[in-house]
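what shape does this take:
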Amino acid sequence: MTPAPRQVWLPAQFTDLAGLTEGLRYARWDGGPDYPSDPAEVEFYIPPLVQDVGIITRPLGLMTGLGAVQALSSGIDGLRAELRRLPDPVILCNARGVHSRSAAELALSLMLASLRGIPEFTRAQDLRLWKPEMFPSLYGRSVLIVGYGALGSAVEDLLVPFGCAVTRVARTGRAARRGARARRVPAARTRGGRRRGRAGDRTDIRDTPLGRRGPPGAAAGRSAAVETSPP
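Predicted coordinates for the structure are as follows:
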């Protein structure tokens, strides 16, 4: 007897996916109370496009044949905790880099809006007021990127035309694409559980040219990375 094709669950929000592998059974779930097929037959699960981890993890206990989960987000801590409760190991894949460009675009938009006073102008417009003001530019400013993964790197790419001096902060030392390398910085735990550099600690940051230097005082040629680590 020929075995049934393997069952895959896809997000119902993705209705126009092309190039799906042949020989598999596909069902789409929107996160609602009704499942599109028997969860026990699902081997590969791509959750619906929702932020509620409770909805994403609801069918996991019924997926007795599950082998892999493809998350739609870069962060997977909540999903990983739920998968650890299952009796059998399951491969968990994150979506690192998938949203980097669009999220970096949003980050840059918010930087420009904040610096250029767009919220103030919008509120004045709603009140039918004409309130001209002067606001600073992003060009040539120093920017600290906390967390230098795919998203942090994409943000830096968008900052390059603005001649910003970028400092990268990461948990682990690594060579960045633009030539700088992370340096270790001793850290102490704060009340909220996060780490911060101790007062008086030396921070070893090396400026690395990104290319030709601009006019005197221009910040386009400087970049560095920092790693925070426990004492």
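
where in this protein is pLDDT low?
Filtered on pLDDT under 70, the chain yields the residue ranges 1, 177-231.

quick one: the helices in it, in order.
Counting by DSSP state H, one finds helices in the chain at the ranges 53-57, 77-83, 100-115, 118-126, 150-159.

including distance to residue 45 and mean neighbour count, could those go into a markdown table?
Backbone N, C-alpha and C define where each C-beta goes, glycine included. Shown next, in a markdown table, are the helices of the chain (distance: least, C-beta to C-beta, whole Å; neighbours: other C-beta atoms under 10 Å):
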| stretch | distance to residue 45 | mean neighbour count |
| --- | --- | --- |
| helix 53-57 | 9 | 16 |
| helix 77-83 | 10 | 15 |
| helix 100-115 | 23 | 15 |
| helix 118-126 | 41 | 12 |
| helix 150-159 | 23 | 19 |
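
in the chain, which spans are strands?
Assigned by DSSP state E, the chain shows strands spanning 7-11, 25-29, 42-45, 68-70, 91-93, 142-146, 165-170, 182-189, 195-197, 223-229.

distance from the fifth one to the middle of the chain?
For strand 91-93, the distance from its own C-alpha centre to the chain's C-alpha centre is 17 Å (C-alpha atoms, centre = their mean, to the nearest Å).

now do the fourth one
Going by C-alpha atoms, centre = their mean, the spacing between the C-alpha centre of strand 68-70 and its chain's C-alpha centre is 18 Å.

who does that strand pair up with?
Taking DSSP bridges as the criterion, strand 68-70 forms sheet pairs with strand 42-45 (parallel), strand 91-93 (parallel).

contacts for that strand next, please.
The contact list for strand 68-70 (C-beta atoms under 8 Å, 6 or more residues apart in numbering) reads 43-47, 79, 83, 90-93, 95.

cutoff 7 Å now
Outside strand 68-70, the residues that touch it by C-beta atoms under 7 Å, 6 or more residues apart in numbering are 44-46, 79, 83, 90-93.

any quick ChimeraX command for the buried ones out of those?
Of the contacts of strand 68-70, the buried ones can be selected in ChimeraX as follows, counting by 16 or more other C-beta atoms under 10 Å:
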select :44,45,46,79,83,90
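
ok, of the contacts of strand 68-70, which one's closest to residue 9?
Residue 9 has its nearest neighbour among these in residue 45, at 5.0 Å by C-beta to C-beta.

isn't that closest one up against residue 65?
No - Residue 45 is beyond contact range of residue 65, at 10.4 Å (criterion: C-beta atoms under 7 Å).

quick one: residue 54 from residue 10, how far?
Separation of residue 54 from residue 10 (C-beta to C-beta, to the nearest Å): 20 Å.
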